[in-house]
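1. Model the structure of this input:
(one chain, ligands or ions: 1)
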Amino acid sequence: MTTPQTFNIADILLFDAIKHSDERGDFCETFRQAWLTEALGQKVNFCQHNLVSSKQGALRGMHFQRAPYGQAKLLQVLEGEIFDVMVDLRRSSQTFGQHLALRLTADQPQTLYIPAGLAHGYLVLSEVAKVFYQVDGYYQPEADAGLAYDDPSLAINWPKLACPYLLSAKDQQHPTLSELDAMGGLFD
Ligand SMILES: Cc1cn([C@H]2C[C@H](O)[C@@H](COP(=O)(O)OP(=O)(O)O[C@H]3O[C@H](C)C(=O)[C@H](O)[C@H]3O)O2)c(=O)[nH]c1=O
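-> Coordinates of the predicted model:
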């Protein structure tokens, strides 16, 4: 059984892959359903896979789907390196408004579990990054929502790069945490 790293924000889990190497290369067991079920005390059924390729400086986030379409995510970096950030939007949580930032790289295979109720985003640090992730609820465009990646109240210390950040038009205009709260756009 692989016991994941846990963090002060509840239910974020980081599993280290088990790598088997021989003269041909490496075999990594990166995830078992049983590891997650054991750690969470409940089974999570993933129903959609996403594969995202991004250039250096791309900053995707901070995203979430509004309740009741919140998604738990299980993420791996297949190529390159990202600075991954999660913000707790659960109003009843002890860590509401707090964030966790992790550098994830394909060179050190890990699998990150992100519970629903968190905003998620990442900055691509390498020339290219390929991110594969599964979600436990289908994409619902009408529930698509976001949080300003540069909201001063979050104090996310995004790495400085030689190139400018690349953000979608949508990601350049998300509300701040306090604005989201005022709109009732958070999780219980
Ligand atoms: C999320 C999603 C998007 N799309 C379509 C919608 C757009 O035509 C295109 C790009 O969408 P978007 O700009 O929202 O993609 P990202 O910026 O990578 O969004 C993701 O970025 C952060 C890191 C997340 O954690 C979320 O999973 C997700 O919001 O893919 C789909 O067809 N299905 C989907 O599940």
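
2. do you know how far the residue most central in space within the chain is from Leu154?
-> The residue lying closest to the centre of the chain (CA atoms, centre = their mean) is His120, at 4.5 Å. In this view, His120 and Leu154 are 13 Å apart by CB to CB, to the nearest Å. The way it works is simple: take the backbone N, C-alpha and C, and place the C-beta from them, glycine included.

3. and this structure, which of its residues are near the ligand?
-> Residues of the chain lying close to the ligand by CB under 6 Å from any ligand atom are 50, 52, 60-61, 63, 120-122, 139, 168.

4. who's the residue nearest to the centre of the chain bridged to?
-> Taking DSSP bridges, one obtains His63, Met86 as the residues bridged to His120.

5. quick one: contacts for it?
-> By CB atoms under 8 Å, 6 or more residues apart in numbering, the contact set of His120 is 61-64, 73, 84-87, 114.

6. same check, this time on Ala145
-> 63-66, 174, 180, 185.

7. Quick check: phi and psi at it.
-> Per-residue torsions, Ala145: phi -150, psi 170 (degrees, to the nearest 10).

8. How about the residue in this protein that sits furthest from its center?
-> Glu23 (33.7 Å).
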